[in-house]
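*Asks:* Sequence plus the predicted model coming up.
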Amino acid sequence: MPTHKEKEDSNALVIHYLAFRQLLGFMGISLPVLLIIGSFIFDGGHIETSISNFYYTCLRDVFVVILCAVALFLFAYQGYDKADKWVTNIAGIFGVTVAFVSTNFKYDITLPCYKLLSQRTDSIGQLLPLKENCICESYTIIPYPHAEYIGYIHLTCAALFFLALAYMSYFQFTKTAGNPSPQKLKRNILYKTCAIIMAACILGLVPCFVSNSLKLFYDSHKLVFWGESISLWAFGASWLVKGEFIWKDKLPS
């Protein structure tokens with residue numbers, strides 16, 4: 001009975017499965033990069049204190065779309081066994097929750113907005129369609145009732161999302177049947193390194209949420225944003241390697 005790996009090596013559809021993994025990796029890596037580039041284009045280089053805070057900026061769609069795409073790909077991912085399926089499904093649930101259950105904030109946020117021009121009529125009295133015009137106007141977001149509790153749900157799901165991905169990289173990706181190749185051993189080292197980086201970054205952000213003085217320090221240095229970004233880059237790197245973007249096993253000639 002051929003193993004899963006043998007089926008992969010001999011199956012013409014393997015290229016699509018590996019591309020699936022690589023796409024997950026590229027999406028994880030691209031999210032912080034796109035937010036940084038967008039902040040320079042639309043906001044003069046102002047980077048938010050966390051990736052989740054971009055939900056309240058004009059880059060909201062980038063944040064939500066990429067996170068939802070990652071979650072959907074995790075739902076669709078089959079893996080090698082039931083454990084793979086369970087972990088990816090759980091990570092997908094946490095990812096969707098992070099995308100749609102917004103982070104809370106302790107202060108009012110003022111954002112630029114677009115104002116609709118007043119309706120006008122043409123020469124025969126018919127209404128002309130409304131047009132959008134970018135002007136120097138702004139609006140203020142005021143925290144809604146119970147926003148703090150919603151924020152706790154967001155933070156918990158975000159932490160569990162990264163920890164589920166770290167678990168997958170450390171325990172699932174490193175599984176080996178038979179004698180592992182030298183390339184597989186290299187990949188296992190990278191998988192475990194990426195998992196440790198993800199877990200360390202997320203656990204390293206805990207003090208920010210338990211001490212107001214530390215929160216000010218974290219916010220002033222954007223440590224939450226960079227911690228989340230490094231975690232996403234580690235996640236992306238592990239999936240690119242899993243997709244054999246690098247360190248691919250040589251097939252017998």
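*Replies:* Ah, there it is.
*Asks:* which intervals of this protein have sub-threshold pLDDT?
*Replies:* In the predicted model, the chain carries pLDDT under 70 at residues 1-15, 105-147, 250-253.
*Asks:* which residues sit in contact with the closest residue to Ala99 other than its chain neighbours?
*Replies:* Using C-beta to C-beta, 6 or more residues apart in numbering and skipping the chain neighbours, the partner closest in space to Ala99 is Leu67 (4.2 Å). Where C-beta positions appear, they are placed from N, C-alpha and C, glycine not excepted. Taking C-beta atoms under 8 Å, 6 or more residues apart in numbering, we find Leu67 in contact with 31, 95-96, 98-99.
*Asks:* any idea which of these is closest to Gln78?
*Replies:* Gly95 (17.3 Å; C-beta to C-beta).
*Asks:* check which helix or strand covers the closest one.
*Replies:* helix 82-100 (DSSP states H and E).
*Asks:* can you dump the C-alpha coordinates of that helix into CSV?
*Replies:* The C-alpha coordinates for helix 82-100 follow below in CSV (Å, rounded to 0.1, in the frame of the first residue of the first chain):
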residue,chain,number,x,y,z
LYS,A,82,-7.2,13.5,11.3
ALA,A,83,-4.9,15.5,13.7
ASP,A,84,-3.9,17.7,10.7
LYS,A,85,-7.5,18.3,9.8
TRP,A,86,-8.6,19.1,13.4
VAL,A,87,-5.8,21.6,13.9
THR,A,88,-6.3,23.4,10.6
ASN,A,89,-10.0,23.6,11.2
ILE,A,90,-9.6,25.0,14.7
ALA,A,91,-7.0,27.5,13.4
GLY,A,92,-9.4,28.5,10.6
ILE,A,93,-12.2,29.1,13.1
PHE,A,94,-9.9,31.3,15.2
GLY,A,95,-8.8,33.2,12.0
VAL,A,96,-12.3,34.0,10.9
THR,A,97,-13.2,35.2,14.4
VAL,A,98,-10.1,37.5,14.5
ALA,A,99,-11.2,39.0,11.1
PHE,A,100,-14.8,39.7,12.0
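*Asks:* Which elements pack onto it?
*Replies:* helix 60-76, helix 147-167 (3 or more C-beta pairs under 8 Å, 6 or more residues apart in numbering; DSSP states H and E).
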